[in-house]
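Participant: structure, please.
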Amino acid sequence: MSESLNKNIYFASDFHLGAPDYETSLQREKAICAWMDYIRPTCAELFLVGDIFDFWFEYRHAIPKGFVRLQGKIAEFTDAGIPVYVFTGNHDMWIFDYIPKELGVQLYREPIIRTFGNKKFYIGHGDGLGPGDKGYKFLKKVFASPVCQWLFARIHPNLGIGLANYSSKSSRAATGTTDEKFLGIENEWLAIYCQEQVQKTPVDYFIFGHRHLPLSIPIEPGALYMNLGDWLQYNTYAVFDGAQLTLKTWNAGQPADYFL
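Facilitator: Okay, here's the model as predicted:
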């Protein structure tokens, strides 16, 4: 465990609550809450690294229905003094002040660097980083525009959330099984980004989500890129015990090492 805190640092991402349907999402949410109950006694800090929700938009007086179990569990952590950090992803970039205010989390929209013990971590969701994906990078700028957000907020929630959920499902259908395949380090955009970034800012660990595929890739010189995978298929998360970063899976209500 962490030498300074005598507890672990946990990382997870890509819960995509709401997808692909209510019943499946609810079972996933219950599994996530069970996992959080398990890690709570040994948790010094929890990082939720993006795409917690398959879609999220906060109107002034309305938010998407559901996900109350996870929200309550996060509040349990923060009320108990366990810091929880939430990163926006490409599916839930329209988290504004509700989640930080009501649940007591720290919200991040860009990658951050943190040091635990003598190890330096570069943490972010990962969308829009590295070469390629120019279409999405353009759309991200549009969606992050205050004008775009203001215009979307003018749409009634029944229509706005319905359209967004349809768009999310269509996007996933178009992607198909692409996320299930390792493309080779020379074609993995986030691995390329890590290789470039480590030359500018030496770190020990790069931790990203977004890719959906659990990955652990050495990055020269001496760094490691770990992708957290997702909870749609893998139920994977990472734990840092003060000395080593390990990728694990939550399987049938029990933790196990994840073997790549």
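Participant: so which helix or strand takes in the residue lying closest to residue 36 once chain neighbours are set aside?
Facilitator: Distances taken as C-beta to C-beta, 6 or more residues apart in numbering place residue 73 nearest to residue 36, at 4.9 Å, with adjacent residues excluded. (Glycine included, C-beta is placed from N, CA and C.) Residue 73 is part of helix 68-79, with elements assigned from DSSP states H and E.
Participant: please apply the same query to residue 255.
Facilitator: Residue 255 belongs to strand 254-257 when assigned by DSSP H and E.
Participant: would you list every one of the strands in this structure?
Facilitator: Along the chain, the segments classed as strands by DSSP state E run 8-12, 43-48, 84-87, 106-108, 112-116, 119-124, 205-208, 214-219, 223-228, 236-240, 245-251, 254-257.
Participant: and the ones you listed as CSV, adding mean pLDDT and mean neighbour count?
Facilitator: Listed next are the strands of the chain as CSV, based on pLDDT from 0 to 100; neighbours: other C-beta atoms under 10 Å:
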stretch, mean pLDDT, mean neighbour count
strand 8-12, 98, 24
strand 43-48, 98, 22
strand 84-87, 97, 22
strand 106-108, 97, 15
strand 112-116, 96, 14
strand 119-124, 97, 20
strand 205-208, 97, 25
strand 214-219, 94, 18
strand 223-228, 96, 23
strand 236-240, 98, 24
strand 245-251, 95, 18
strand 254-257, 88, 11
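Participant: quick check: angle from the helix holding residue 73 to strand 43-48?
Facilitator: The directions of helix 68-79 and strand 43-48 differ by 140 degrees, with axes from the mean of the first three to the mean of the last three C-alpha atoms, to 10 degrees as the criterion.
Participant: name the helices or strands packed onto helix 68-79?
Facilitator: When contacts are defined as 3 or more C-beta pairs under 8 Å, 6 or more residues apart in numbering; DSSP states H and E, helix 68-79 sits against helix 22-39, strand 43-48, strand 84-87, helix 98-103.
Participant: show residues contacting it.
Facilitator: If you take C-beta atoms under 8 Å, 6 or more residues apart in numbering as the criterion, helix 68-79 is touched by 15, 17, 29-30, 32-33, 36-37, 40, 43, 46, 48, 52, 84, 99, 102-105.
Participant: let's see it at 10 Å
Facilitator: Identification of contacts with helix 68-79 by C-beta atoms under 10 Å, 6 or more residues apart in numbering yields 15, 17, 26, 28-30, 32-37, 39-40, 43, 45-46, 48, 52-53, 63, 82-84, 86, 98-100, 102-106.
Participant: quick check: buried residues in it?
Facilitator: Neighbour counts over helix 68-79 (16 or more other C-beta atoms under 10 Å) mark 70, 71, 73, 74, 76, 77, 78 as buried.
Participant: burial measure for the closest residue to residue 67 other than its chain neighbours, as a count.
Facilitator: Leaving out its chain neighbours, the residue that sits closest to residue 67 by C-beta to C-beta, 6+ apart is residue 17, at 5.1 Å. Neighbours of residue 17 under the rule other C-beta atoms under 10 Å: 23.
Participant: now, which of the buried residues of helix 68-79 sits nearest residue 233?
Facilitator: residue 70 (18.4 Å; C-beta to C-beta).
Participant: no further queries at this time; thank you.
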